[in-house]
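Engineer: Give the three-dimensional model of this entry:
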Amino acid sequence: MLPEFLFHLDPDSGQSLQKQIQEHITSAIQGGHLPLDRPLPSSRSLASQLKVGRNTVILAYERLLGDGYLIAHQRRGYFVNPDILSGARSQKINPGTPLVVSRPDWQTRARLHPTRQRNIEKPRDWQDYPYPFIYGQLNPELFPLHNWRECCRDAISARAIKEWSGDRPDSDHAMLVEQIRTRLLPRRNVRVDADQILVTVGAQHALYLIAELLFKGDSVIGLENPGYVDVRNIAAQGPATIASLPVDELGLVLDDHLDPCDYIYVTPSHQSPTTATMPLEHRYELLQRAVDADFVLIEDDYESEFNYQSNPLPALKSLDSSDRVLYIGSLSKSIAAGLRVGYVVGPAELIAELRALRRLMLRHPALNNQYAMALFLARGHYDAHIRNLLKVFKERHQIMSAALTSYLPGSFSVSGFGGSSFWVEGPGGFDAAEFAGQAAAEGIIIEPGDIHFFGDSTPLNYFRLGFSAIDSGSIGAGIESLGKLLK
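Structural biologist: So this is what the prediction gives:
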């Protein structure tokens, strides 16, 4: 009889009884707790012991047999497959041999120390807060569950698995590339060939690839200040020099600070974090400066879908006639942050190098996920999802604007673009980080803004309020509570 402690089933578990039996037996086999020369209990005996139906045990045994954990002997029953344990047993050390313990000093061995960098920290339990003004997270009720589940199910059909399961050292799913090329990019007036697109594990992966490939020891990387924290941390890992570029109500300031740069990271559609939108004439001027001063622009076009007040301005990439713009897009912000699907667009020769570099890192993003996303786009589910988000976000944008005007007057500027957040300026002498702690105690999540600044002077009185994760009906009460705390 198998040890009983291995088979305590939990009826409240999210897993089926059959799955629990499989996992218990698998664990016992891998741990060497089951003898090879004795059969497992009969299905009738084990079913009686566990107080489950006999068919449940039979199905579990058959699955373990198919997975190679068990072998069947006619009229004798099921036995542990000895092959499953080959090479698993570690060699025993002679107890008389003394062990010399000398552990590596990983801090001195490490070339980089990413853990020492400051990063935006979001509470993992943010859904438990009454007023989660958290940025970059989507209210789960807005996720297109039915349509996404349909696409994931079709992506693992027998026919689909046969198509994507083979080894592709560096290529992407052709259908996803085609959907990006013909459905997403034309909305931004960007028209390119398939060999000018590379799929990435989110926009941040695209930024990392570009930095790894292009940033040299003598490179000067221009970053918006305030700006996106993670791109600053990526650039800081290499030998390049980071240049602080000022931002105003029109986005990146176009002045002589730009000229010494080799690369400039810019968020023209929806500046991160101030939400400013760069006017069309400034976009043309920036492109001309790139030609005159010989620098390359890295355009992060995030949140370009969420435009409530005007016709969308064309992407920098769509206005570029000299191949000086590398364009980065993402589907993570608009569908779900955890999906991690992005892409980079650039000259074919550069994309080929990025593709070869990506192969060294992870070959390619999982093709089953790429295919599911391609189906989601091709069937029009993405279009319907964005229409729904636009409706919801526009309403929340208006509610939050009105609430801030009432309870925190003069603290913000309404974005001419839209997006999913507000950049709020507190009074002089105000410490937003300290205030965030007080707000959290009242069930309110805000994001202190000091982390977005770098250089000699860091203002402490800014914070960001996102509205993608909070219900429309809770916004007014949350902002009112913030106003009371601030006073």
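Engineer: Now the helix or strand hosting Pro246: average pLDDT?
Structural biologist: Per DSSP states H and E: Pro246 is located in strand 241-248. Regarding strand 241-248, the rounded mean pLDDT is 96.
Engineer: which helices and strands does that strand pack with?
Structural biologist: Applying 3 or more CB pairs under 8 Å, 6 or more residues apart in numbering; DSSP states H and E, we find strand 241-248 packed against strand 220-225, helix 229-236. The C-beta positions use only the backbone N, C-alpha and C, and glycine is treated the same way.
Engineer: what about stretch 334-347, average pLDDT?
Structural biologist: Rounded mean pLDDT across stretch 334-347 is 92.
Engineer: how many other residues sit next to Asp128?
Structural biologist: Asp128 is flanked by 9 other residues according to other CB atoms under 10 Å.
Engineer: can you pull the contacts of it?
Structural biologist: With contact set as CB atoms under 8 Å, 6 or more residues apart in numbering, Asp128 has no partners.
Engineer: again, but for the one 3 residues further on
Structural biologist: Contacts for Tyr131 (CB under 8 Å, 6+ apart) come out as 443-445, 470, 474, 477-478, 481.
Engineer: what sits against Tyr407?
Structural biologist: For Tyr407, the contacting residues are 479-480, 482-484, by CB under 8 Å, 6+ apart.
Engineer: one more time with 7 Å, if that's ok
Structural biologist: Tyr407 makes contact with 479-480, 482-483, according to CB atoms under 7 Å, 6 or more residues apart in numbering.
Engineer: and the gap between the nearest residue to it once chain neighbours are set aside and Glu434?
Structural biologist: Take Tyr407 and drop its neighbours on the chain: the residue closest to it by CB to CB, 6 or more residues apart in numbering is Gly483, 3.1 Å away. Per CB to CB, to the nearest Å, Gly483 is found 17 Å from Glu434.
Engineer: Pick out whichever of those two has more residues nearby.
Structural biologist: For Gly483 versus Glu434, neighbours defined as other CB under 10 Å are more numerous around Gly483 (16 against 11).
Engineer: Just the buried positions in the regular element (helix or strand) spanning the more buried one, please.
Structural biologist: For Gly483, the host element (DSSP H and E) is helix 472-486. By neighbour count on 16 or more other CB atoms under 10 Å, the buried set for helix 472-486 is 474-475, 478-479, 481-483, 486.
Engineer: From the rest of the structure, what touches stretch 299-308?
Structural biologist: Against stretch 299-308 from outside (CB under 7 Å, 6+ apart): 188, 203, 265-270, 312, 315-317, 325-330, 333-334, 386, 390, 393-394, 397, 417-420.
Engineer: from those, which ones fall inside strands?
Structural biologist: In this view, the contacts of stretch 299-308 that belong to strands under DSSP state E are 265-266, 325-330.
Engineer: Looking at those residues, which one is closest to Leu85?
Structural biologist: The closest of those to Leu85 turns out to be Ser330 (CB to CB; 44.9 Å).
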